[in-house]
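Peer 1: Generate a structure from the sequence data that follows.
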Amino acid sequence: MLPVPSVYPATMTADVASRTSNSSSEDLRTKPAPGPEPEHVHVPNILVFGETGVGKSSVINMIANSDVAGISSAASGCTLGSQSYVVSLAGKQVRLWDTAGLNEGPQGSVPAEHAMGNLRDLVGALTEGISLLVYCIRGTSRFRDAFKSNYDLFWGTICDKRVPVVIVITGLEHQVPMESWWEENAGEFEQNGMSFVGHACITATRGKPTAMGVNMYDTEFEKSKVAVRRLILDQSANSPVRWISDKKAWLSDISRELARHYETPEAKPVAVDLDRRWPEWTQTQVWCIIFVVLVSLLALLLIALEALLSGR
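Peer 2: Here you go, the predicted structure:
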C-alpha cells in the first residue's frame with residue numbers, strides 16, 4: 001500500500017490547490033480573536049417592606065410606572081413569598097423586592113413556618129446584597145408600636161443597621177397638603193429611635209371615577225408617583241454601597257429575631273384587631289354607629305314602656 005501523501009498530489013491542478021489554500025487562509029482570518037468577558041452590571045436590590053394592606057404592591061407599581069405587581073386584598077393578605085421586579089428609573093435598572101409574608105403576627109395570613117421559608121428563599125436570592133430599604137406605612141392619627149417593631153426587624157436585624165432606609169406614608173389622599181402629615185408626626189419617629197434618609201407622603205390610589213370622566217384622586221396620585229420615583233432614584237444613586245453578610249450567620253440571627261417578633265404583645269389577636277381597625281374608621285362611620293346604638297336603646301325603652309302600660 002502506498003503511503004498517503006502529506007502535500008497536494010501531482011494530479012491536482014495548480015489553480016485548485018491555490019483556491020483550497022486561499023480558502024483555508026480566509027477561514028483563519030475571518031475567525032475573530034476571543035475578546036474580554038462582558039462586564040457584569042450590578043442591579044441594586046431594594047427591599048420594600050411593611051404590614052399587609054399598607055399598599056406595598058401599589059408603591060412598587062408607582063415606582064415602576066407600570067402595573068408589574070399584583071394588588072392583594074387587605075382582608076386576606078398575601079400568602080406568597082417575596083417577589084422581585086426589575087424596573088428602570090431614568091435609564092438605571094433597580095430590582096424591587098416585595099417582601100410579602102415576613103412580618104405578620106401569628107394571626108396574619110402567613111403562618112410563622114411559612115414566613116421562615118419565605119425568609120430563607122429571600123436570603124438565598126440576595127446574592128448581591130441590599131442597597132436600600134423602603135418602609136411603607138399607612139398614615140394614621142397616632143404612632144403605633146408595630147411601626148417600631150417592623151423597622152427594627154428589617155433595618156436592625158435583617159440589615160444589621162448598615163442599609164439606608166426611606167419611609168413612604170400611604171393613604172394620605174384626605175390630608176391637605178399630604179406633606180403636612182410628616183411635619184406633624186416626624187418627631188414621634190425620632191423619639192422612638194427611627195431615622196430615615198428620605199420620605200414621601202403619598203396616596204397610592206386614584207379613587208373612584210367621577211362624573212367628569214376622571215378619578216377622584218388623579219391629581220394627588222400623579223404628584224405622589226413623581227415624589228416616590230424621585231425618592232427612590234435619588235437614594236439609590238446616593239447609596240451605591242451594597243451590604244452583604246455571611247448567609248448562615250445572617251439567617252440564624254434573623255430566625256431568632258423573627259421568633260421574638262411573633263411573640264410580641266402586639267401580636268395578640270384582640271390588640272392587633274382593635275389597633276388596626278380603629279384608625280381606619282372615618283368620622284361618618286363612627287357617628288353612624290353611635291346613631292344605631294341610640295336608636296336601638298330608644299326602641300328597647302319604648303318596648304319596655306309599652307309593656308309596663310299594658311300590664312296596668
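Peer 1: From here on, just use CA atoms for contacts and neighbour counts.
Peer 2: Fine.
Peer 1: Below-threshold pLDDT in the stretch 51-200 of the chain: ranges please.
Peer 2: The stretch 51-200 of the chain contains residues with pLDDT under 70 at 71-81, 101-113, 115, 141.
Peer 1: Could you check which helix or strand contains the closest residue to residue 201 other than its chain neighbours?
Peer 2: Setting aside the residues directly before and after it, residue 201 is nearest to residue 169 in space (C-alpha to C-alpha, 6 or more residues apart in numbering), at 4.9 Å. Element membership for residue 169 (DSSP states H and E) is strand 165-170.
Peer 1: Name every strand pairing with that strand and say which way it goes.
Peer 2: Counting by DSSP bridges, the strands paired with strand 165-170 are strand 132-138 (parallel), strand 198-201 (parallel).
Peer 1: what's the most buried one of the ones you listed?
Peer 2: strand 132-138 (a mean of 24; mean count of other C-alpha atoms under 10 Å).
Peer 1: Need the CA coordinates for that one. PDB is fine.
Peer 2: Extracted in PDB, the C-alpha atoms of strand 132-138 (Å, rounded to 0.1, in the frame of the first residue of the first chain):
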ATOM      1  CA  LEU A 132     -31.800  50.300  50.100                       C
ATOM      2  CA  LEU A 133     -34.900  49.700  52.300                       C
ATOM      3  CA  VAL A 134     -38.300  51.200  51.600                       C
ATOM      4  CA  TYR A 135     -40.600  51.200  54.600                       C
ATOM      5  CA  CYS A 136     -44.200  51.600  53.700                       C
ATOM      6  CA  ILE A 137     -46.700  52.500  56.500                       C
ATOM      7  CA  ARG A 138     -50.300  53.800  56.300                       C
END
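Peer 1: Switch the strands paired with strand 165-170 over to TSV, and while doing so, append distance to residue 304 to every line.
Peer 2: Converted to TSV, the strands paired with strand 165-170 look like this (distance: least, C-alpha to C-alpha, whole Å):
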stretch	distance to residue 304
strand 132-138	46
strand 198-201	53
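Peer 1: neighbours of residue 90, just the number please.
Peer 2: Burial of residue 90 is recorded as 9 neighbouring residues (other C-alpha atoms under 10 Å).
Peer 1: scratch that, residue 170
Peer 2: Residue 170 sits with 24 neighbouring residues when counted by other C-alpha under 10 Å.
Peer 1: Equivalent analysis for residue 150, please.
Peer 2: Residue 150: 19 surrounding residues under other C-alpha under 10 Å.
Peer 1: swap in the one 10 residues further on?
Peer 2: Summarising burial for residue 160: neighbours were counted as other C-alpha under 10 Å, giving 16.
Peer 1: Tell me the backbone dihedrals of it, please.
Peer 2: phi 50, psi 30 (degrees, to the nearest 10).
Peer 1: ok, it to residue 153 distance?
Peer 2: Distance, residue 160 to residue 153, using C-alpha to C-alpha, to the nearest Å: 9 Å.
Peer 1: Give me the distance between the residue nearest to residue 201 and residue 226.
Peer 2: Residue 169 sits 14 Å away from residue 226 when distances are taken as C-alpha to C-alpha.
Peer 1: Can you pick out the residue with more neighbours from those two?
Peer 2: It is residue 169, of residue 169 and residue 226, that has more neighbours when counted by other C-alpha under 10 Å, with 24 against 15.
Peer 1: what about that one, distance to residue 231?
Peer 2: On the measure of C-alpha to C-alpha, residue 169 and residue 231 end up 12 Å apart.
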